[in-house]
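Participant: need a 3D model of the following:
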Amino acid sequence: MGSALYEGWKRHHPALKITLCDPHNSGAHYHDLGDIHEQFDLCVLAVKPDQIHDVAARAHARLNPHGVLISIAAGKTLKNLEALSHATSTGQSDMRGIVRVMPNTPAAIGHGMSVAVANDYVTGAQKDFIGTLFQSVGRFAWIEDETFMDAVTALSGSGPAYLFYFIEALAEAGESLGLDRALSLTLARETIFGSAHLAAQASEDAAQLRKNVTSPGGTTEAALKVLMDENTGLAPLLRQTLEAARNRGREMGKTPS
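Facilitator: Okay, the predicted model is just below:
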């Protein structure tokens, strides 16, 4: 995810000075935060949640007095990040702006969806600039109520994995009907791809697009009777899916780092 953001920002904002620190990337400018002695306006923590405690304080120390710390770690709340970065451990002068962002992997091709929430020390101008950065890799939205971030993570942050699995399952279902594996996978992948593009560009909503494909008494209607069963269909399954992801995010936010 960090690489996708980095490549997108380099491509769309060539005038920005971007310094990359990554212990696993031979092409990075630095491999350890301890080697950096510059001060930055923004520090982006593109690390997994269980790694955030190792880097937050050191990244915070590399910020300008009015700099902003940005985290894309799932489940780690603004309060977590403030504590980890020691932003609340000293006086008012040490307070920093902190932004929590949940992007997703389609940002790698410029079609990501990112949602962010900020603490009270992020200015309007900083919000505008951060929004511009994330809009360069897809769509972007701010929310005011952080409690919704776990739901955002469950839907769009983890969502690509659900679609990838749906492609797998759809292809396997095609195979079960006798289709060649390669053909079935191509049909599944291209159907999802084309349908997503149509949904993004059409003036009708998803429900109307579905109805447009469904002829009374036809094959699609027969399939949808299974998918839309109120007890065993896709809708109740997706509710359970998102609830499981949201609840895990809440647990991660409560776990001491």
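
Participant: which stretches of the chain form strands?
Facilitator: 40-45, 63-71, 97-102, 112-118, 138-142 (DSSP state E).

Participant: out of those, which is the most enclosed?
Facilitator: For these, the largest average neighbour count (mean count of other CB atoms under 10 Å) is found in strand 97-102, namely a mean of 24. To be clear about C-beta, it is placed using only N, CA and C from the backbone, and glycine gets the same treatment.

Participant: name the helices or strands packed onto it?
Facilitator: Where contact means 3 or more CB pairs under 8 Å, 6 or more residues apart in numbering; DSSP states H and E, strand 97-102 is packed against strand 63-71, helix 78-84, strand 112-118, helix 124-135, helix 149-152.

Participant: give me the angle between that strand and helix 124-135.
Facilitator: Between the direction of strand 97-102 and that of helix 124-135, the angle (axes from the mean of the first three to the mean of the last three CA atoms, to 10 degrees) works out to 30 degrees.

Participant: out of the strands of the chain, flag the one nearest A188.
Facilitator: Of all the strands of the chain, it is strand 112-118 that lies closest to A188, at 22.1 Å by CB to CB.

Participant: in the protein, which residue is closest to the centre?
Facilitator: With distances taken as CA atoms, centre = their mean, the residue of the chain nearest its centroid is P103 (2.4 Å).

Participant: so what's that residue up against?
Facilitator: Taking CB atoms under 8 Å, 6 or more residues apart in numbering as the definition of contact, the neighbours of P103 are 1, 4-5, 72, 112-114, 134, 137-138, 157.

Participant: follow-up on the earlier one: including distance to A28, could the strands of the chain go into JSON lines?
Facilitator: Compiled in JSON lines, the strands of the chain are given as follows (distance: least, CB to CB, whole Å):
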{"stretch": "strand 40-45", "distance to A28": "13"}
{"stretch": "strand 63-71", "distance to A28": "18"}
{"stretch": "strand 97-102", "distance to A28": "21"}
{"stretch": "strand 112-118", "distance to A28": "22"}
{"stretch": "strand 138-142", "distance to A28": "24"}
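
Participant: re the thing from before, the helices and strands packed on strand 97-102: which one's closest to P216?
Facilitator: If you check each of the helices and strands packed on strand 97-102 against P216 by CB to CB, strand 112-118 wins as the nearest, at 34.9 Å.

Participant: make CSV out of the contacts of P103 and add distance to S85 and pLDDT.
Facilitator: Shown next, in CSV, are the contacts of P103 (distance: CB to CB, whole Å; pLDDT from 0 to 100):
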residue, distance to S85, pLDDT
M1, 20, 88
A4, 24, 86
L5, 20, 91
I72, 15, 94
G112, 25, 95
M113, 26, 97
S114, 21, 97
F134, 21, 96
V137, 24, 94
G138, 27, 95
G157, 22, 95
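
Participant: pLDDT value on K10, please?
Facilitator: Taken from the predicted model, the pLDDT recorded for K10 is 89.

Participant: same check, this time on S93
Facilitator: S93 is assigned a predicted lDDT (pLDDT) of 49.

Participant: equivalent analysis for the one 3 residues further on, please.
Facilitator: Per-residue confidence for R96 comes out at a pLDDT of 82.

Participant: what's the answer for the one 10 residues further on, then?
Facilitator: For P106, the pLDDT comes out at 94.

Participant: how near is it to R62?
Facilitator: Taken as CB to CB, to the nearest Å, the spacing of P106 relative to R62 amounts to 29 Å.

Participant: same check on A141?
Facilitator: Plainly put, A141 is 28 Å away from R62 if you go by CB to CB.

Participant: over to T214?
Facilitator: As it turns out, when the distance is counted by CB to CB, T214 lies 56 Å from R62.

Participant: what's the answer for T191, then?
Facilitator: In this structure, T191 lies at 47 Å from R62, with CB to CB as the measure.

Participant: and the two? Which one has more around it.
Facilitator: Neighbours of T191 and R62, each counted by other CB atoms under 10 Å, are more numerous for R62; the result is 17 against 12.
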